[in-house]
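Colleague: What follows is a predicted structure for the sequence shown.
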Amino acid sequence: MGRVLVPALRGLSFTVEEGELLTIFGPSGSGKSTLLHLIGCLDRPDEGEILIDGANVLELSDDKLAELRLTKIGFVFQFFNLLPRLTALRNVELPLTIAGVSEKEASERAEEMLRLVGLEARMNHRPSELSGGEQQRVAIARALVNNPKIVLADEPTGNLDTKTGWEIVQLMRKLNQEKSQTFVVVTHDPQIAETAHRIIHLKDGLIEGIKEAPRRNKQ
Amino acid sequence: MRLGRILAMAWENMKQRKLRTSLTTLGVVIGITAIIGLASLGEGFRLEVRERMQQGFELDNLTVIPGTLFAGLSRDRFTDYDIQNISKIEGVKVATQVMQIGNVTLHNKRNNKRVQAFVATAVNFTEFAKVFPDRLVFENGTLPEPGRNDTIVIGYKVNYPTENDTTPFAVANDTITLTLGVFIQEPYPHPELRNYNFTVAGTLQKTGTPGITNFDYWIFIPLETVRKIYDTLESDLIFVKVYNPEESERIADDIEGLFPPFKVTILVPLTFIRQVDGILTIVQLFLMAVASISLLVAGIGIMNIMTVSVMERTREIGILKAIGAKSRTVLSMFLAEALLIGTMGGLIGLLTGYGLSFGLAYVLSSFMQPQHQRSIGFQTPESPQRITITPVFSPEWTIVAFAFAIIVCVIFGLYPARKAAKLNPVEALRYE
């Protein structure tokens, strides 16, 4: 028996508007994370195209994609994915450091970001000294510090208790409104999905339906 | 990403794993210590040997010997004509010929002592003193006056044959009877011992040169007189003094050109010293090549540790790539660690290497104190002072060894660093 290749996504097409808060909702194995990785230029699809600002990103080299991730995209992960050896501040500084921003400016901007997510008191703590919710706030601060156009969150509440998870959702909604950045949130929690402007239902690698959320309030 | 930040982050990473970093660095330290230690000690040894040889063989003196090793049986002797021709060669200061007579007995009538001289050398004192100005140092008396054919000079070991002799066999103006073996043709050819009386012009101080000519065992008699005794105008050796030692090889070629092929052998100290020097250099390089193996082993250690480190940090690499680090950035982050290990190990290794060489030099030098030498042999070399090896600090070797440390570390760090850079971000993020 050889390996059987199972396609995670089997043909889907949709558009995300600027400033939108979109959730991709579906059971595990439906291809949510793969879709998010594709949008985030972490992976390349076998077929199809991904347009960001009207340009097909698949035509770009790996280095250009990395640059795109650095400047236009912020990632928030289920397991926070902070560097355990760095303090919260250093973790938030990291994208700026990679971008070559001076140390002074990087730490100023990172501090400001941490204040925005309500963590000014925990800046010099390492991830192991922070609670799950705090870690996710650090991760959000890190995703936003470069002022990206798109923020991608992969099950941001999946590893948190309901109350903390809800706080994180509120934080993302607040940031989405304040900074009018585009948020794409992957979740399997219907309640969290409902908080978005629009919900894409994913099942077995196909879009089952797109739903305008009841709580949608277009400006 | 800025280089300073990359290095700072690499340094932070290394500080988190102190034991691992120190052990990896230790490998480099040992490698560089071995290389620098051997280079510095070897260079010191080589210089010491060269200096001693230069003391022993006056570099501006060539010795012309009749015959060669291959044609040793057909020895021709030298004549005044050869001396004239050699003197004409450009760069030759003075050429002098000597005759050598073996086993001469000396008897001093004043104190009735008898001594044996292994070599009696018949010389033209005026010329000879020009060739060996530094070697004819008188304990008593002077060089014979020019034109006097009845005066001799006695070497130190002839004058004081044993270590216990406190009074000399002879002093200036003593009358000495020399017993020489002479070959008589009439009435039938036979050897015969004959006595000749000479006056002592002077006695020499101990020179104790470890070269080919140790005057301590020699007595010097006027060439003209010996020529009359033996009824010959031929001589056994020619000493040539040149103006510039660097030219000595060219002059040796010119001298050789005056004679038919394989008729003479010329001892050129410079050539000899160069050969010994060359051999010592090869030995030194060989030792350093062996030492370099330890640095290569250290390099493999770095590769091993870094490969493990890349695996451990797979997730971290995934995160870095996800937030926008280019492959090149990840590569340089890991190479920076290798570079830092190389730099640290190299610097410490240089210090310990020079430290080791000075320590070893001290120990070796104390082993090599001159031992009591019994003067039994013919022309036994003397070692008047103890051998001291002073390690040499060589800027070239320092730079080469340091660069070698860094190059080895970076080369061996390249594979794991590339491995890290090539990781697929999605797979790396999934890695537990």
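Modeller: Structure received.

Colleague: can you list the residues of the stretch 301-432 of chain B near chain A?
Modeller: B:315-316, B:318-329, B:424-426, B:429 (CB under 8 Å from any CB of the partner chain). Bear in mind the C-beta positions are built from the backbone N, C-alpha and C, glycine included.

Colleague: Now that we have those, which of them are buried?
Modeller: Taking 16 or more other CB atoms under 10 Å in any protein chain shown as the criterion, what is buried in those is B:315-316, B:318-327, B:329, B:425-426, B:429.

Colleague: What segments of chain A are helices?
Modeller: A:32-39, A:62-72, A:88-99, A:103-116, A:132-144, A:162-179, A:190-193 (DSSP state H).

Colleague: Distance from the last one to the middle of the chain?
Modeller: For helix A:190-193, the separation from the chain centroid amounts to 16 Å (computed by CA atoms, centre = their mean, to the nearest Å).

Colleague: Return the list of helices and strands in contact with that helix.
Modeller: strand A:21-25 (3 or more CB pairs under 8 Å, 6 or more residues apart in numbering or on different chains; DSSP states H and E).

Colleague: Need the nearest residue in space to B:Glu337, chain neighbours excluded.
Modeller: B:Ala10 (4.5 Å; CB to CB, 6 or more residues apart in numbering or on different chains).

Colleague: I'd like to know how many residues surround that neighbour.
Modeller: 20 (other CB atoms under 10 Å in any protein chain shown).

Colleague: And B:Tyr217, by the same measure?
Modeller: Counted with other CB under 10 Å, the neighbours of B:Tyr217 add up to 20.

Colleague: Hmm, it is touching B:Ala120, no?
Modeller: No. The criterion here is CB atoms under 8 Å, and B:Tyr217 misses it with B:Ala120 at 10.4 Å.

Colleague: All the strands of the stretch 1-150 of chain B, residue numbers only.
Modeller: Along the stretch 1-150 of chain B, counting by DSSP state E, counting those that start in this stretch, strands occupy B:61-66, B:92-108, B:113-123, B:138-141.

Colleague: Format those as CSV; extra columns: mean pLDDT.
Modeller: What follows is the strands of the stretch 1-150 of chain B, written out as CSV (pLDDT from 0 to 100):
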stretch, mean pLDDT
strand B:61-66, 88
strand B:92-108, 90
strand B:113-123, 89
strand B:138-141, 90
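
Colleague: May I have the phi/psi pair for the residue of chain B found nearest chain A?
Modeller: Nearest residue of chain B to chain A (CB to the nearest CB) works out as B:Gly324 at 2.6 Å. Main-chain torsions, B:Gly324, degrees, to the nearest 10: phi 120, psi 10.

Colleague: Please list all residues in contact with it.
Modeller: Applying CB atoms under 8 Å, 6 or more residues apart in numbering or on different chains to B:Gly324 gives the contacts A:Ala66, A:Glu67, A:Leu68, A:Arg69, A:Leu70, A:Thr71, A:Ile73, A:Pro95, A:Ile98, A:Ala99, A:Asn146.

Colleague: now, among the residues you listed, which is nearest to B:Cys409?
Modeller: A:Ile98 (24.3 Å; CB to CB).

Colleague: Can you check the pLDDT for the closest one?
Modeller: If you check A:Ile98, the pLDDT there is 91.

Colleague: cool, B:Ile212 as well?
Modeller: According to the prediction, B:Ile212 has pLDDT 63.

Colleague: Tell me, how many residues neighbour the nearest residue to A:Ile207 once chain neighbours are set aside?
Modeller: Leaving out its chain neighbours, the residue that sits closest to A:Ile207 by CB to CB, 6+ apart is A:Leu12, at 4.7 Å. Neighbours of A:Leu12 under the rule other CB under 10 Å: 14.

Colleague: Please apply the same query to B:Pro391.
Modeller: As a burial measure, B:Pro391 scores 25 neighbours (other CB under 10 Å).

Colleague: do B:Asn103 as well
Modeller: 12.

Colleague: surely it meets B:Phe118?
Modeller: Yes. Between B:Asn103 and B:Phe118 there is a contact under CB under 8 Å: 6.8 Å.

Colleague: so what's residue 88 up against?
Modeller: Assuming you mean chain A. Residues in contact with A:Ala88 (CB under 8 Å, 6+ apart) are A:82, A:114, A:119, A:122-127, A:130, A:134, A:138, A:141.

Colleague: Pipe these into JSON lines and attach distance to chain B and pLDDT per row.
Modeller: Shown next, in JSON lines, are those (distance: CB to the nearest CB, whole Å; pLDDT from 0 to 100):
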{"residue": "A:Leu82", "distance to chain B": "8", "pLDDT": "92"}
{"residue": "A:Leu114", "distance to chain B": "16", "pLDDT": "93"}
{"residue": "A:Leu119", "distance to chain B": "18", "pLDDT": "90"}
{"residue": "A:Arg122", "distance to chain B": "20", "pLDDT": "90"}
{"residue": "A:Met123", "distance to chain B": "17", "pLDDT": "91"}
{"residue": "A:Asn124", "distance to chain B": "15", "pLDDT": "93"}
{"residue": "A:His125", "distance to chain B": "16", "pLDDT": "93"}
{"residue": "A:Arg126", "distance to chain B": "11", "pLDDT": "93"}
{"residue": "A:Pro127", "distance to chain B": "12", "pLDDT": "93"}
{"residue": "A:Leu130", "distance to chain B": "16", "pLDDT": "93"}
{"residue": "A:Glu134", "distance to chain B": "18", "pLDDT": "92"}
{"residue": "A:Val138", "distance to chain B": "12", "pLDDT": "94"}
{"residue": "A:Ala141", "distance to chain B": "12", "pLDDT": "92"}
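
Colleague: Throw those residues into CSV and include neighbour count and distance to B:Ala298, thanks.
Modeller: Output for the contacts of A:Ala88, formatted as CSV (neighbours: other CB atoms under 10 Å in any protein chain shown; distance: CB to CB, whole Å):
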residue, neighbour count, distance to B:Ala298
A:Leu82, 25, 34
A:Leu114, 24, 42
A:Leu119, 23, 44
A:Arg122, 19, 42
A:Met123, 18, 40
A:Asn124, 10, 37
A:His125, 16, 38
A:Arg126, 16, 32
A:Pro127, 20, 34
A:Leu130, 19, 39
A:Glu134, 20, 43
A:Val138, 28, 39
A:Ala141, 29, 42
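
Colleague: of all the residues you listed, which two lie farthest apart?
Modeller: The largest separation in the contacts of A:Ala88, counting by CB to CB, is between A:Arg126 and A:Ala141 at 15.0 Å.

Colleague: quick one: pLDDT of the nearest residue to A:Phe79 once chain neighbours are set aside?
Modeller: Nearest residue to A:Phe79, sequence neighbours excluded (CB to CB, 6+ apart): A:Asn159, at 5.9 Å. pLDDT for A:Asn159: 84.

Colleague: A:Asn159 touches A:Gly132, doesn't it?
Modeller: Yes. Counting by CB under 8 Å, A:Asn159 touches A:Gly132, with 6.0 Å between them.

Colleague: what sits in contact with each of those two?
Modeller: A:Phe80.

Colleague: Near chain B, which residues of chain A? Just list them.
Modeller: Proximity of chain A to chain B (CB under 8 Å from any CB) is limited to residues A:37, A:40, A:42-43, A:62-63, A:66-71, A:73-75, A:77, A:81-83, A:85, A:94-95, A:97-100, A:103, A:142-143, A:146.

Colleague: How much space separates B:Arg250 from B:Ile89?
Modeller: 9 Å (CB to CB, to the nearest Å).

Colleague: out of those two, which sits in the busier spot?
Modeller: Higher neighbour count among B:Arg250 and B:Ile89: B:Ile89, with 19 against 15, using other CB under 10 Å.

Colleague: Many thanks, have a good one.
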